[in-house]
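Return atomic coordinates for the entry below.
(chains A and B)
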Amino acid sequence: MEEAIRPPLPPGPIKWVRDNLFNNWFNSILTVALLPVVFFALVNVVLWVFTEADWRVVSQFPLLYAVGQYPREELWRVGIGLSTILLMLGMSWGKWGGLLRSISMAIGIAFAFFALLPVQHPALDFSMRAYLGANVLLILLGNWIGHRVAVKGSYILIGWAIVPFLFVFLLTGIEGSKFLPSVATTFWGGLLVTILLSAGGILLSFPIGVALALGRRSTLPVVKAFSIIFIETVRGVPLITILFMFSIILALFLPADSRIDRLVRALMGITFFSAAYTAENVRGGLQAVPPGQIEAAKAVGMNGFQTMVFIVLPQALRAVLPAIVGQFIALFKDTTLVVIVGINDLLGIGRSIINSDPEFVQLQLEVYIFIAVIYWIFSYLMSQASSRLETALGVSTRL
Amino acid sequence: MTITTAPIILCQDVHKWYDDFHALKGVNMEVKKGEVIVIFGPSGSGKSTFIRTLNRLEEHQQGTIIVDGIELSHDVGNIERIRMETGMVFQQFNLFPHLTVLQNVTLAPIWVRKWPKEKAEQVAMELLDRVGIPEQSSKFPGQLSGGQQQRVAIARALAMQPKIMLFDEPTSALDPEMIKEVLDAMIDLAKSGMTMLVVTHEMGFARAVADRMFFFDQGVIVESGTPQEIFKAPREDRTKLFLSQILQH
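Just a heads-up that it's a prediction; the model follows:
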């Protein structure tokens, strides 16, 4: 009987080293020469982080990094907003699982870690620890509700549509109210503002960008011209210029009593900027849909709107999903530019902490590294989310 | 069946230009309900263009086309009504790759015919059964063979319960071993009394089920007749030449 031919075994670590590091004399010399460099760099970084660096600039101001100057006695509003989002996240995890499970678990573990961290710290008092612990339970409760109790997926989606408005309403408050006094956006800051600006920019610019992309292909000359002028103007101008325009020039054109809040102005600038780039990405996707698809949709009697919604857009957006997520990650990092129009986002808070005390000027490396790590974590999560989404939608397989 | 009924498709002096190229030069055709028409001819003869004008995928610029009593004009409502009455099967299948086989078949009945989902799915499963692939309903088109995809495309067109089925070279993009399964499904459909217009070079299919055949060349109908007339005694030299070329082997 003939012996079955087996696939070759995966290479062991020694073979990997030989194939990749010592596969010819030049690479062998490179490996030997670079090994000590890499070794000493690693050792020095680890030594610096754990012995030399002075993390006071980070550990003394956790709330400042998180929410900026938001009044401490009104902090419960941020807390309730965050808890609502986490409850929704837990329910979505219970309903759909997948990536939502990983995100929920990561947040839950991080919160539990800080709730139980055996360190004396003024910010980690009993009420804060209780709040963090309660949020872990909220995520689990949400999971149970979404999983066991029959909650329709559409209800959860409606909830997600309401939550952002609820959150912003909670943070803003009502003018003259005793229970919910209004908090001017000048006090908002830190990671809170960074997330509000990027999430707001992403959520608002996406539909506008899709509309502009469709407008650019429209047969109506006015719609088409407007789309092209908008896209090409915005794409031809740096984000900093747009932010300046919205924060200074817009105020000059509008009547004095109809002042738009400066955070809203910055959000408008970011949204328009991102929408123009989204539009161009989506346009690429629209062009990638074969004309036969549109013919087939028409042939079964679908009208133009149905063809667009059910046939063209799903395929176009799927094709450009990686590009759009990449653009949103760039947008998330670009929100740091709002510092120049006087908004204290995460980076702005870091800078004001450095400038608040001459002693801290020596410690700016620590501040910037801390902020960089936070940005990296969020960007990494977004790119992970994107690649999971690509797999789920079959971006590379269902062609 | 009465023969005296009004034609379900009536074309009079249909002209079509692509810029300066005169693709259809005055085509006249009458098709009665239940007839199976085979249209053949060399490439570039206008046969695909003609069949695509019948559901307005191509616009004709001169002449009259009346489908099921509705005249094709710029009236969008008329176009959509005609498209609901005509199903079309394409050379390249054109299935929707992001939807499952079942969703491909039910999409239009649910959103255009406004059927409830249960009814649409029940009809879809019957049709998939009829074309012989009920077990593939939850797969995506990309996971099927060409022959299976084309049978799904037939089921998708039939799901709208059209009165007329248009086939635009349905087997030209298929591997040879898959042509038969698609032709079998079409023969089955023809025998059920469906009005069909088929652009094809499958002369076996024409012999088996066609009522009449039309030979297109350079934008005009050169010759028409029953399969017997066309195969046994073609009148025109161009028809003879073309038939000798495609029937040689």
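
Please name the nearest non-neighbouring residue to residue A:272.
Computed as C-beta to C-beta, 6 or more residues apart in numbering or on different chains, the closest residue to residue A:272 that is not its neighbour in sequence is residue A:234, at 5.7 Å. Placement of C-beta: from N, CA and C, glycine included.

ok, now which ones touch that neighbour?
By C-beta atoms under 8 Å, 6 or more residues apart in numbering or on different chains, the residues touching residue A:234 are A:242, A:272-273, A:275-276.

In this structure residue B:131 contacts residue B:149, no?
No: if you go by C-beta atoms under 8 Å, residue B:131 and residue B:149 don't touch, sitting 11.0 Å apart.

picking that back up, farthest pair within the contacts of residue A:234?
Within these, A:242 and A:275 form the most distant pair, 11.2 Å apart (C-beta to C-beta).

The two: which is more packed in?
Applying other C-beta atoms under 10 Å in any protein chain shown to residue A:242 and residue A:275 shows that residue A:275 carries more neighbours, namely 24 against 20.

How much space separates the more buried one from chain B?
As judged by C-beta to the nearest C-beta, to the nearest Å, residue A:275 and chain B stand 25 Å apart.

Surely that residue and residue A:202 touch.
No: counting by C-beta under 8 Å, residue A:275 does not reach residue A:202; the two are 10.4 Å apart.

burial measure for residue B:173, as a count.
Neighbour tally, residue B:173, other C-beta under 10 Å: 14.

do the one 3 residues further on as well
A count of nearby residues for residue B:176, using other C-beta under 10 Å, gives 7.

And residue B:35, by the same measure?
20.

is it true that it touches residue B:193?
No: using C-beta under 8 Å, residue B:35 is not in contact with residue B:193, being 9.9 Å away.

Which of residue B:131 and residue B:149 has more residues huddled nearby?
The neighbour comparison of residue B:131 against residue B:149 (other C-beta under 10 Å) goes to residue B:149, with 25 against 22.

Would you mind listing the buried residues in the longest helix anywhere in chain A?
Assignment by DSSP state H gives helix A:364-393 as the longest helix of chain A. Neighbour counts over helix A:364-393 (16 or more other C-beta atoms under 10 Å in any protein chain shown) mark A:366-367, A:370-371, A:375, A:378, A:382, A:386, A:389-390 as buried.

ok, which of those also contact chain B?
Among the buried residues of helix A:364-393, not one lies near chain B by C-beta under 8 Å from any C-beta of the partner chain.

Present those as JSON lines; the columns should include distance to residue A:18 and pLDDT.
Shown next, in JSON lines, are those (distance: C-beta to C-beta, whole Å; pLDDT from 0 to 100):
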{"residue": "A:366", "distance to residue A:18": "41", "pLDDT": "92"}
{"residue": "A:367", "distance to residue A:18": "44", "pLDDT": "93"}
{"residue": "A:370", "distance to residue A:18": "40", "pLDDT": "94"}
{"residue": "A:371", "distance to residue A:18": "41", "pLDDT": "95"}
{"residue": "A:375", "distance to residue A:18": "38", "pLDDT": "95"}
{"residue": "A:378", "distance to residue A:18": "39", "pLDDT": "92"}
{"residue": "A:382", "distance to residue A:18": "37", "pLDDT": "89"}
{"residue": "A:386", "distance to residue A:18": "35", "pLDDT": "86"}
{"residue": "A:389", "distance to residue A:18": "38", "pLDDT": "83"}
{"residue": "A:390", "distance to residue A:18": "34", "pLDDT": "82"}
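
Pick out whichever of those sits closest to residue A:293.
Closest to residue A:293 out of the buried residues of helix A:364-393 is residue A:390 (20.4 Å), distances taken as C-beta to C-beta.

and the closest one, how far is that from chain B?
13 Å.

can you tell me the distance between the two ends of stretch B:198-213?
Criterion C-alpha to C-alpha, to the nearest Å; first-to-last residue distance in stretch B:198-213 is 9 Å.

no wait, stretch B:158-175
Start-to-end span of stretch B:158-175 (C-alpha to C-alpha) is 24 Å.

which stretches of chain B aren't confidently modelled?
B:1-5, B:248-249 (pLDDT under 70).

tally of neighbours for the closest residue to residue A:278 other than its chain neighbours?
Once flanking residues are discounted, residue A:278 sits nearest to residue A:209: 2.6 Å by C-beta to C-beta, 6+ apart. Neighbour count for residue A:209, taken as other C-beta under 10 Å: 25.

Would you agree residue A:209 is in contact with residue A:279?
Yes: under the criterion of C-beta under 8 Å, residue A:209 makes contact with residue A:279 at 4.5 Å.

Which residue, neighbours along the chain excluded, lies closest to residue A:324?
Of all residues not flanking residue A:324 in the chain, residue A:281 sits nearest, at 5.3 Å (C-beta to C-beta, 6+ apart).

give the contact list for the one you found.
For residue A:281, the contacting residues are A:209, A:213, A:320, A:323-324, A:327, by C-beta under 8 Å, 6+ apart.

give the contact list for residue A:386.
Residues in contact with residue A:386 (C-beta under 8 Å, 6+ apart) are A:321-322, A:325-326.

List phi and psi for the closest residue to chain B within the stretch 101-250 of chain A.
Per C-beta to the nearest C-beta, residue A:219 is where the stretch 101-250 of chain A lies closest to chain B, at 13.3 Å. Residue A:219 adopts backbone torsions of phi -90, psi -10, taken as degrees, to the nearest 10.

ok, how many other residues are close to it?
By the criterion of other C-beta under 10 Å, residue A:219 has 6 neighbours.

Quick check: it vs residue A:304, distance?
To residue A:304, residue A:219 is 10 Å away according to C-beta to C-beta, to the nearest Å.

cool, residue A:217 as well?
Going from residue A:217 to residue A:304 by C-beta to C-beta gives 12 Å.

about what we covered before: and which of the contacts of residue A:386 is nearest chain B?
Ranked by distance to chain B (C-beta to the nearest C-beta), those are led by residue A:321 at 12.1 Å.
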